[in-house]
Every structure is written in structure tokens, then in C-alpha cells.
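**Q** need a structure here:
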Amino acid sequence: MRVLTSATLVASLATSATCSWMPVAPVLPARHEPRWQREVRPRQDNSSTDGWPYGPFKTQGRDVVNSKGEVVTWAGVNWPMSGETMVPEGLEWASAEEILDNVKSVGFNYIRMGYAIQMVDEIYERNGDDVPLEVTMIMALGYENGTKVTNEIVSKNPGWTPQTTRFEIWSDIAALALKKGIFIHPDVHVGKAQWCCSHYDGSSWFDDYNFNASNWRRGLSYVADWAKGHPNIVSMSLRNELRASWNVTDLYYNWQTMVGNMSAGAAAIHDTNPDLLITWSGMQYDEDLSALTTKKNILTAPCYQCDAIRDALRREPVYFDLDSYPFADKIVWELHLYPMSNDLDTGDCAIVEAGLYRNGFNALGIEPPPACDITGDCPPAQRLTPVIFSEFGHAQDSTLYNDTLQNCMKEYTKKHSVSWMMWGLAGSYRVRSGVQGLADTWGLTNFDWSGWNDAETIDNYWKPWVQAMNVTTIG
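**A** This next block holds a predicted model:
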């Protein structure tokens with residue numbers, strides 16, 4: 001039996017099918033520091049023991065705790081910024097402050113902001129200069145619409161100009177959110193800026209054609225360094241919805257490749273900013289963490305792309321030991337669940353709970369649900385670790401009240417104090433899948449961000465759910 005620890009990781013990867021891993025790419029030299037560094041020197045860490053949010057945070061058993069030892073609970077929303085413009089959606093319709101006030105009015109205390117590694121790649125390509133607002137809009141939307149949307153954003157947000165850069169906009173949003181007691185969570189949503197996710201989008205797996213693993217680690221380090229300037233950024237993600245690539249089919253979609261690359265990514269964050277929590281997602285569109293939470297042989301369980309690892313059955317077992325890593329008390333498992341899941345029965349609440357337990361929520365130390373007697377394969381976790389729902393969603397209308405999966409998840413999070421972030425905030429997108437001005441009925445806002453898609457469900461579904469979570473607030 002082999003245990004995959006931080007000490008054995010490099011040697012293991014050198015002989016296994018995890019060719020993506022390599023040393024972390026260097027940071028920009030001093031002369032190439034990005035504008036946000038040259039103009040406003042960031043804090044040296046995310047510590048805020050003298051004031052909210054009382055960082056740095058860490059994990060303690062199944063909980064996230066602040067520097068005072070108090071348990072922290074989040075309930076929040078996804079605010080996309082990983083589309084082609086790489087600027088948070090909606091800012092041409094409402095100011096950043098108005099949007100954040102609306103988020104706060106629901107009771108949300110956490111915003112997961114998906115970004116593209118392309119944002120950082122382009123800074124390196126420009127010798128340290130970030131991309132201005134007008135340039136990014138024109139490149140994504142064309143000259144006419146790009147100029148129009150730029151002017152609308154500046155009109156709604158008069159503190160910005162067409163030359164304000166993408167990271168400056170993100171920094172201003174994070175600073176405003178801090179004043180309102182809202183956490184900001186940078187989430188690597190995609191490699192190339194575009195709508196996510198599919199097996200064909202090139203961002204599926206390590207070294208897919210839009211997912212250069214070296215650039216990904218470089219981007220993690222960059223954002224972790226930028227986060228030092230924002231005390232309310234207490235966490236960031238490694239990667240959104242890992243899945244098999246159907247474009248490049250020899251990338252070894254299996255647990256060992258995942259562990260090697262995700263451990264290297266976590267090290268890139270932790271070495272740069274050791275204060276940050278790191279959310280670690282699972283396989284199969286982030287629905288499965290079972291091999292890691294239950295300490296199964298990661299060579300075989302469960303057997304994804306079995307043909308590529310058939311000889312593993314004859315090899316010494318390999319197990320992942322989180323406690324051996326320097327970031328062990330910073331890892332938070334994250335899982336997603338949608339009605340279109342192929343791997344879980346989402347039509348029966350008892351079966352859903354058994355599936356959630358088996359796929360990673362056993363790490364909370366809860367009792368196996370009764371339906372485990374039906375489904376089987378509900379082993380206990382190897383260690384207590386926080387687990388959150390960082391994505392789930394549904395059309396924003398009255399059908400929420402009768403949807404089995406949504407209401408099962410709602411009761412599950414309340415019963416087990418599971419933090420969550422629903423998808424999503426945006427009722428419209430500047431551009432998505434090639435369509436400009438696309439409406440999204442799964443978004444909380446209406447198309448022009450002047451109100452909610454369904455105010456009744458905001459008041460009678462989302463607000464009561466958030467209130468029941470007893471979330472951590474600035475007060």
C-alpha cells in the first residue's frame with residue numbers, strides 16, 4: 001500500500017500518468033508588476049484579527065472557523081465574470097454598489113466570482129499591463145457594441161473610465177463588498193473566457209487545449225497575490241467542474257492525475273498566500289469526491305477511463321493523505337448538483353441524500369442516511385473536512401416550490417449547516433455562446449438588472465432559506 005503524501009507526490013507523478021504537473025511558473029519580475037500593484041500596494045496578508053472578517057480562516061474538523069475560533073457559515077450566489085469580456089455581468093445596467101446592495105438585501109454573505117485564466121495570461125502577454133475596459137469590450141463584442149457597453153458601464157460607475165482595467169474593477173467590487181460584509185471568492189471557472197461547461201469546450205481537464213496546466217498554476221498564484229489586498233477574500237477555488245475531455249482523449253482522466261495536479265495547484269496558492277482557504281472540486285462536473293473523502297485506492301475507485309489504467313489493478317494501491325500537506329487545514333471540499341446530473345438520482349430525496357453522503361458529504365461526520373441501505377457504498381470519511389455546495393440552480397419562478405431536488409438540497413443544507421452558493425445572479429449576459437444580449441431565466445435578476453426575475457420567490461423562498469442558515473455577517 002502506498003499513501004500519496006506531499007513528500008511522495010513528485011516521485012509518484014514522475015512515474016504515473018500525470019504528465020501535466022511541473023514546477024510552478026515564476027511570477028512576473030518587478031518591472032512587469034501589474035498596474036494594481038504599482039498603484040496600490042496590496043496588504044501583505046489577509047489577516048484582519050482587529051476587525052471583520054477576522055481572518056485568516058482555517059478548517060477545524062467539519063467547520064470553517066475565523067481567527068477567533070468562531071464557526072463561519074456562508075450562503076451566497078454566483079456572479080459570473082468568466083465570459084468573453086472578463087468583466088462581471090450587469091455593470092452596464094446597474095452600478096457595482098447597486099448590484100451588491102441587491103445581493104445583500106437577500107441576506108447573501110458570499111459571492112463566488114468565476115473568472116478565466118485568460119485574464120492572467122493576457123497580463124503576462126502584455127508585460128504586466130492589465131487590459132483596459134474599452135479594449136476588453138471591443139475585443140469581445142466588436143467595435144460598435146463594445147464601445148456602447150463601455151460607455152454604459154462608465155455611466156453607471158462614474159469612478160471608472162474606459163482605461164480602468166479588469167483587475168481594478170474587480171478590486172473596487174471587492175472593496176465595496178467588504179464594507180457590506182460580503183465575502184468574495186475567486187473561482188477558476190474556465191481557461192479560455194467563454195460559457196462553461198462541456199466535454200468539448202477545451203477547458204475540461206488538465207492540458208486540454210484551452211487548459212494549459214502551467215498557465216493555470218501561474219494564474220492561481222497571481223490571483224492569490226492580488227487577494228492579499230482584500231481581507232474579505234478568505235478563500236479561492238482550484239478549478240470548476242473537472243470532466244473528461246472529448247477533444248483530447250489521452251489526458252488520463254482519473255483520480256491520480258487529478259490529485260497530482262490539484263495538489264500542485266493548491267501549493268501554488270498556499271505558497272503565495274498561506275492565509276487563504278482553498279476549495280477543491282471533484283470529478284464528473286464536480287459531483288464526486290468519494291475517492292478522496294473515503295481514502296479509497298485512487299488508482300481504481302471509481303474507475304474513470306478504465307482502459308487507461310487497466311494495469312492499476314495489478315499495482316500497489318495508492319491513497320491520498322490530505323493531512324500530510326502543509327495546506328491540510330485550508331482545504332474545503334466543494335460539490336455541485338443539478339437536475340440534469342447523469343450520476344445521481346435527483347428525483348427522490350432519500351436517494352439524493354444517500355448519493356450526497358457517498359460522493360463527499362460523509363466528510364461532515366454525519367450519520368449515513370437510511371437510503372444507504374438501498375444504494376449501498378456509503379462508507380465513512382477518512383477525516384472530517386468542510387464540504388460546501390458551490391453551485392446548483394433552477395429556473396427562477398414558482399416551480400422552485402415543487403422541485404424535489406431543490407427542496408431536498410434546501411432541507412439538507414439547513415439540517416447539516418452546509419454552506420452554499422446558488423447559480424446565479426445574472427439575468428442576462430453581454431455575450432454567451434456567441435449570442436449577444438442573452439437572457440437567462442435561471443438568473444436572480446431580470447434582463448436589465450433593474451429588479452428580480454421573480455420577486456415573490458426572492459421574498460418567500462430565498463430569503464427564508466438564507467435566514468435559516470444563520471450566516472456570518474459583519475454585524
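
**Q** Is residue 112 located within a helix, as I assumed?
**A** No. Secondary structure of residue 112 (DSSP: H, G, I helix; E, B strand; the rest coil): strand, not part of a helix.

**Q** So it is in contact with residue 392, correct?
**A** No. Using C-beta atoms under 8 Å, residue 112 is not in contact with residue 392; the gap is 11.8 Å. Where C-beta positions appear, they are placed from N, C-alpha and C, glycine not excepted.

**Q** ok, now which ones touch residue 274?
**A** By C-beta atoms under 8 Å, 6 or more residues apart in numbering, the contact set of residue 274 is 45, 56, 326, 327, 330.

**Q** sorry, back to before: out of residue 112 and residue 392, which sits in the busier spot?
**A** A direct count of neighbours by other C-beta atoms under 10 Å for residue 112 and residue 392 places residue 112 higher, at 31 against 20.

**Q** ok, now which ones touch that one?
**A** Residues in contact with residue 112 (C-beta under 8 Å, 6+ apart) are 76, 77, 78, 79, 185, 187, 237, 390, 391, 421.

**Q** Quickly note the distance from it to residue 336.
**A** With the distance defined as C-beta to C-beta, to the nearest Å, residue 112 ends up 11 Å from residue 336.

**Q** any residues in contact with both of the two?
**A** 390, 391.

**Q** isn't residue 354 right up against residue 367?
**A** No. Look at residue 354 against residue 367 with C-beta under 8 Å: they stay out of range, at 11.6 Å.

**Q** Need phi/psi at the residue nearest the centre of the chain.
**A** When C-alpha atoms, centre = their mean is applied to the chain, the residue found nearest the centroid is residue 187 (3.6 Å). Main-chain torsions, residue 187, degrees, to the nearest 10: phi -120, psi 120.

**Q** okay, residue 354 and residue 367: which has more neighbours?
**A** The residue with more neighbours, out of residue 354 and residue 367, is residue 354; 24 against 9, by other C-beta under 10 Å.

**Q** Which residues belonging to the host helix or strand of that one are considered buried?
**A** Here residue 354 sits within helix 349-359, counting by DSSP states H and E. By 16 or more other C-beta atoms under 10 Å, the buried positions in helix 349-359 come out as 349, 351, 352, 353, 354, 355, 356, 357, 358, 359.

**Q** Let me see the mean pLDDT of that helix.
**A** The average pLDDT within helix 349-359 is 93.

**Q** leaving aside the residues next to it on the chain, what's closest to residue 173?
**A** Spatial nearest neighbour of residue 173, excluding adjacent residues (C-beta to C-beta, 6 or more residues apart in numbering): residue 96 at 5.0 Å.

**Q** In contact with that neighbour, which residues?
**A** Residue 96 sits in contact with 88, 157, 169, 172, 173, 176, where contact means C-beta under 8 Å, 6+ apart.

**Q** same check, this time on residue 199
**A** So residue 199 contacts 243, 244, 245, 246, 247 (C-beta under 8 Å, 6+ apart).
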